[in-house]
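Asker: Structure, please.
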Amino acid sequence: MRQRYALMRWLVGLLTLSWAQQSIRDSAIHFFFPTVMYQGMFPLADMAKRFGYSSAISAEVAYKLRSGLYLALQGGGLIGDKIVEEGFLESLSLPSFRKVGLLAFIDENGKVFTPALRQRGWTANFRIGYILSAFRLPGQNPNCGPFIEVGGGYLSHRILIDKARSERLPLLEGEYLKGLDRLTGGWGIMQSIGYRFFSSNGLINFVVGLEGGQYFTRSLRGYVYDKGERDTARRRDFFWGFRVGWSLPLYEKAPLE
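Answerer: Model prediction:
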């Protein structure tokens, strides 16, 4: 009970500090800043053998200290339209269409259709960053500047086999589908550099940056139905990319502002 009470007091104290009246215009301050971001990802290593360019829509919640150090929790969903894995579903598709590079199947009604293949996935990670305010652009307040980040987290991805609802084929449905979607996941690390800007009037607050990720993953299914083999290989799902985002610093302005 005492531990719970102490934790509540600590959280209340942290929020009180965050909302204390502060002047961002001429001093480094502490505050929370949630951020929404778009991330563009270019795959490397094993990830490049399965997917092309990917996008992520992410949300971040961070807390900045006066020193420029900040802690952030970030997560988002991955989407992509380019699947490049060699031989994916070829053993199950119609041979006559494979010759021209198409995946085609016959549904229960005898209709020939080609499913759309897409990437889906998500990431969640924890990051520690530092804003180098001494190198901020001229005329900006001391909470702005280039930043460096390091962190780690989890990556999960799979291949979405999208077919029209009217086209029924047990081969691509239910439990069998789980043996085809290449669901993969694992832990890894990330690094990022860029620039964070927090305006003195609170109207414009953004982040731009370059980042890289190195995740060490494995199949979460264990068996690949279309190849008829177990999938126990260790993967290196690496990527590099960029991000742009909009932040909302949360603090109470000093009266003179």
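
Asker: contacts and neighbour counts: CA atoms only from here.
Answerer: Fine.

Asker: can you give me the helices in the stretch 151-257 of the chain?
Answerer: Along the stretch 151-257 of the chain, the segments classed as helices by DSSP state H, counting those that start in this stretch run 174-177.

Asker: Show me where it dips below the pLDDT cut-off.
Answerer: Counting by pLDDT under 70, the stretch 151-257 of the chain shows low-confidence ranges at 164-167, 252-257.

Asker: Quick one: the strands in it, in order.
Answerer: Remark: strands assigned in the stretch 151-257 of the chain by DSSP state E, counting those that start in this stretch are 184-198, 205-219, 223-224, 229-230, 234-247, 252-253.

Asker: Tell me which of these sits nearest to residue 76.
Answerer: Residue 76 lies closest, by Cα to Cα, to one member of the strands of the stretch 151-257 of the chain: strand 234-247, at 12.3 Å.

Asker: relative to strand 184-198, how tilted is the closest one?
Answerer: Per axes from the mean of the first three to the mean of the last three Cα atoms, to 10 degrees, the angle that strand 234-247 makes with strand 184-198 is 30 degrees.

Asker: quick one: buried residues of strand 234-247?
Answerer: 235-247 (16 or more other Cα atoms under 10 Å).

Asker: How far away from the center of its chain is stretch 96-103?
Answerer: 34 Å (Cα atoms, centre = their mean, to the nearest Å).

Asker: export it as PDB, just CAs?
Answerer: Extracted C-alpha coordinates of stretch 96-103, given in PDB (Å, rounded to 0.1, in the frame of the first residue of the first chain):
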ATOM      1  CA  SER A  96      -0.100 -21.300 -66.900                       C
ATOM      2  CA  PHE A  97      -0.100 -18.000 -65.100                       C
ATOM      3  CA  ARG A  98       3.200 -18.500 -63.400                       C
ATOM      4  CA  LYS A  99       4.900 -18.500 -66.800                       C
ATOM      5  CA  VAL A 100       4.000 -14.800 -67.200                       C
ATOM      6  CA  GLY A 101       4.800 -13.900 -63.700                       C
ATOM      7  CA  LEU A 102       1.300 -13.900 -62.200                       C
ATOM      8  CA  LEU A 103      -0.100 -15.600 -59.100                       C
END
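
Asker: So which residues make contact with that stretch?
Answerer: The list of residues contacting stretch 96-103 from outside it, by Cα atoms under 8 Å, 6 or more residues apart in numbering, reads 89, 90, 93, 94, 104, 114, 115.

Asker: These, buried ones only, as a ChimeraX selection?
Answerer: To isolate the buried members of those in ChimeraX, using 16+ other Cα under 10 Å:
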select :89,90,93,104,114,115
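
Asker: what would the contacts of stretch 96-103 look like in a markdown table with pLDDT, distance to residue 191 and secondary structure?
Answerer: Below are these laid out as a markdown table (pLDDT from 0 to 100; distance: Cα to Cα, whole Å; DSSP: H, G, I helix; E, B strand; the rest coil):
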| residue | pLDDT | distance to residue 191 | secondary structure |
| --- | --- | --- | --- |
| 89 | 89 | 35 | coil |
| 90 | 87 | 37 | helix |
| 93 | 84 | 41 | coil |
| 94 | 82 | 44 | coil |
| 104 | 83 | 41 | coil |
| 114 | 84 | 39 | coil |
| 115 | 86 | 36 | coil |
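
Asker: Wait, residue 219 touches residue 179, no?
Answerer: No. In this structure residue 219 lies outside contact range of residue 179 using Cα atoms under 8 Å: 10.3 Å.

Asker: hmm, back to that, the strands of the stretch 151-257 of the chain into JSON lines, with extra columns for distance to residue 171?
Answerer: JSON lines is the format used below for these (distance: least, Cα to Cα, whole Å):
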{"stretch": "strand 184-198", "distance to residue 171": "21"}
{"stretch": "strand 205-219", "distance to residue 171": "20"}
{"stretch": "strand 223-224", "distance to residue 171": "13"}
{"stretch": "strand 229-230", "distance to residue 171": "17"}
{"stretch": "strand 234-247", "distance to residue 171": "27"}
{"stretch": "strand 252-253", "distance to residue 171": "58"}
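
Asker: Nothing else from me, thank you.
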